[in-house]
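> have a look at this prediction, sequence included:
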Number of protein chains: 2
Amino acid sequence: MTITFTPIGIIHTPFHEPAGTPRQSAFAGHAAGTVEVYPALAEGLADLEGFSHILLLYHFHKSSGYALRCTPFADSAERGLFATRAPRRPNPIGISVVRLLGRRDNILAIEGVDMLDGTPLLDIKPYISDFDSWRGVRNGWHEHAPHRDRATADNRFTTPDTGKGEGNADL
Amino acid sequence: MTITFTPIGIIHTPFHEPAGTPRQSAFAGHAAGTVEVYPALAEGLADLEGFSHILLLYHFHKSSGYALRCTPFADSAERGLFATRAPRRPNPIGISVVRLLGRRDNILAIEGVDMLDGTPLLDIKPYISDFDSWRGVRNGWHEHAPHRDRATADNRFTTPDTGKGEGNADL
């Protein structure tokens, strides 16, 4: 069984390769970008400006293949893939929470971007603190990972056989 | 351009129709379920047990079609679709943060489920508070929505022309 999705827009950012790209929004500071939603869908953006933060779901479009264990940027040990945020996954879907600065028609100005320029956008949802911000969280291996404060990605997830850069930086 | 994904497993829950299903994990309390990851991918679950909360990405598999404005469960006014968490979306991908109680091989015991039984699983990511829990959030229309404390969904997103129940309950 397969499920087919069609992008609803494109994310524009200053980042063109994984090396040097923030590995998470939390490390992206004021790095600015824009979300270009296809004009036919612009009406669906109404009321979004009231939210300070939005969830972007997108395709790690330059990712291909995956390994069930990998060494994430924050660690020096191999971890199970689903216990990491690595971009090479069976279904390479990325999630970022970014700050919404404003909207003009179908274009959103955002801050805190951690994805590569040209990333295909799959969905936008409002970040709602009652639903998305959890307390009393135990953060597994990441809690004491040796490189957990590392701010940027490198090219370790570059697909070896094609030489293509890994699509997006994430954990 | 289309993107094709293949489920990595199935989510089992006590909920068989939207009416009465928690509209978000935050309202699901101790509602328990299991995540069945296909055995070939079980190795990727290593190290996940260290995390108290996990992010599930899944397909709103009974959703079809969408409208660019809808009245979400929490409100009595129409809102732009992307400013809601409604399940009928151009790309019907749901996100839930659930509590991870334990793992036995390829089966995860979880709590706080808000999706329908049989939901196809697309991805699992660890919830990491440094990345996923944001402060100083402005929650737009939801902040003062008249029905924001409403705990369960109803069948309003049932697809009218097929009579199928809406796949999953979300905002």
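Ah, there it is.

> now the strands for chain A?
For chain A, the strands defined by DSSP state E occupy A:3-5, A:9-12, A:32-37, A:53-59, A:69-70, A:79-80, A:93-104, A:107-111, A:119-126.

> and the third one, what's buried?
Within strand A:32-37, the residues that count as buried by 16 or more other CB atoms under 10 Å in any protein chain shown are A:32-35, A:37. C-beta coordinates here come from the backbone N, C-alpha and C atoms, glycine included.

> any idea which of the strands of chain A gets closest to chain B?
Within the strands of chain A, the stretch nearest chain B is strand A:79-80; the backing value is 3.1 Å (CB to the nearest CB).

> any idea how far the closest one is from the chain center?
Distance of strand A:79-80 from the chain centroid (CA atoms, centre = their mean, to the nearest Å) equals 19 Å.

> list the contacts of it.
Here strand A:79-80 makes contact (CB atoms under 8 Å, 6 or more residues apart in numbering or on different chains) with A:68-72, A:141, B:43-48.

> what subset of those residues is buried?
A:68, A:70, A:72, A:141, B:44-48.

> tell me where chain A is predicted with low confidence.
A:159-171 (pLDDT under 70).

> helices of that one, start to end?
Along chain A, the stretches classed as helices by DSSP state H are A:129-132.

> put together CSV for the strands of chain A, with distance to B:Ile107 on each row.
Listed next are the strands of chain A as CSV, based on distance: least, CB to CB, whole Å:
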stretch, distance to B:Ile107
strand A:3-5, 22
strand A:9-12, 35
strand A:32-37, 37
strand A:53-59, 26
strand A:69-70, 19
strand A:79-80, 15
strand A:93-104, 22
strand A:107-111, 38
strand A:119-126, 28
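
> nearest to A:His147, out of those?
strand A:79-80 (12.5 Å; CB to CB).

> just give the nearest non-adjacent residue to the residue of chain A most remote from its centre, would you?
Here chain A reaches farthest from its C-alpha mean at A:Met1, the gap being 25.7 Å by CA atoms, centre = their mean. Spatial nearest neighbour of A:Met1, chain neighbours left out: B:Pro7 (6.4 Å); criterion: CB to CB, 6 or more residues apart in numbering or on different chains.

> ok, A:Pro22 - contacts?
Neighbouring residues of A:Pro22 by CB under 8 Å, 6+ apart: A:15, A:28-29, A:31, A:113-114, A:151-153, A:169.

> and A:Thr119, by the same measure?
A:Thr119 neighbours (CB under 8 Å, 6+ apart): A:10-11, A:13, A:58-61, A:94, A:167-168.

> count the neighbours of the spatially closest residue to A:Pro126 that is not a sequence neighbour for me.
In this structure, A:Pro126 finds its nearest non-sequential neighbour in A:Phe51, 4.4 Å apart by CB to CB, 6+ apart. A:Phe51: 24 surrounding residues under other CB atoms under 10 Å in any protein chain shown.

> A:Phe51 bridge partners, please.
B:Asn139 (DSSP bridges).

> that one contacts B:Arg138, correct?
Yes: counting by CB atoms under 8 Å, B:Arg138 is a contact partner of A:Phe51 at 6.4 Å.

> what's around the closest residue to A:Phe73 other than its chain neighbours, how many residues?
Closest residue to A:Phe73 apart from its sequence neighbours, by CB to CB, 6+ apart: A:Arg23 at 5.1 Å. Applying other CB under 10 Å, we find 24 residues neighbouring A:Arg23.

> phi and psi next, for A:Arg23.
Recorded main-chain torsions at A:Arg23 are phi -80, psi -10, according to degrees, to the nearest 10.

> correct me, but it touches A:Ala151?
Yes: using CB under 8 Å, A:Arg23 is in contact with A:Ala151, at 6.8 Å.

> report the separation between the residue nearest to A:Pro87 when sequence neighbours are not counted and A:Arg89.
Using CB to CB, 6+ apart and skipping the chain neighbours, the partner closest in space to A:Pro87 is A:Phe60 (4.2 Å). Going from A:Phe60 to A:Arg89 by CB to CB, to the nearest Å gives 7 Å.

> now A:Arg138
23 Å.

> same check, this time on A:Thr4
18 Å.

> between the two, which one's more packed in?
A:Arg89 (26 against 9).

> who touches the more buried one in this structure?
Contacts of A:Arg89 (CB under 8 Å, 6+ apart): A:60, A:63, A:66, A:81, B:123.

> do the same with A:His59
Counting by CB under 8 Å, 6+ apart, A:His59 touches A:5, A:7, A:92-94, A:119-120, A:122, A:167, B:3.

> A:Tyr38 contacts A:Gly44, correct?
No: A:Tyr38 sits out of contact with A:Gly44 when judged by CB under 8 Å, with a separation of 10.3 Å.

> test my guess that A:Asn91 contacts B:Gly9.
No: checked against CB under 8 Å, the pair A:Asn91 and B:Gly9 is beyond contact range at 11.0 Å.

> and the two? Which one has more around it.
More crowded of A:Asn91 and B:Gly9, by other CB under 10 Å: B:Gly9, with 26 against 20.

> what distance do you get for that one to chain A?
10 Å (CB to the nearest CB, to the nearest Å).
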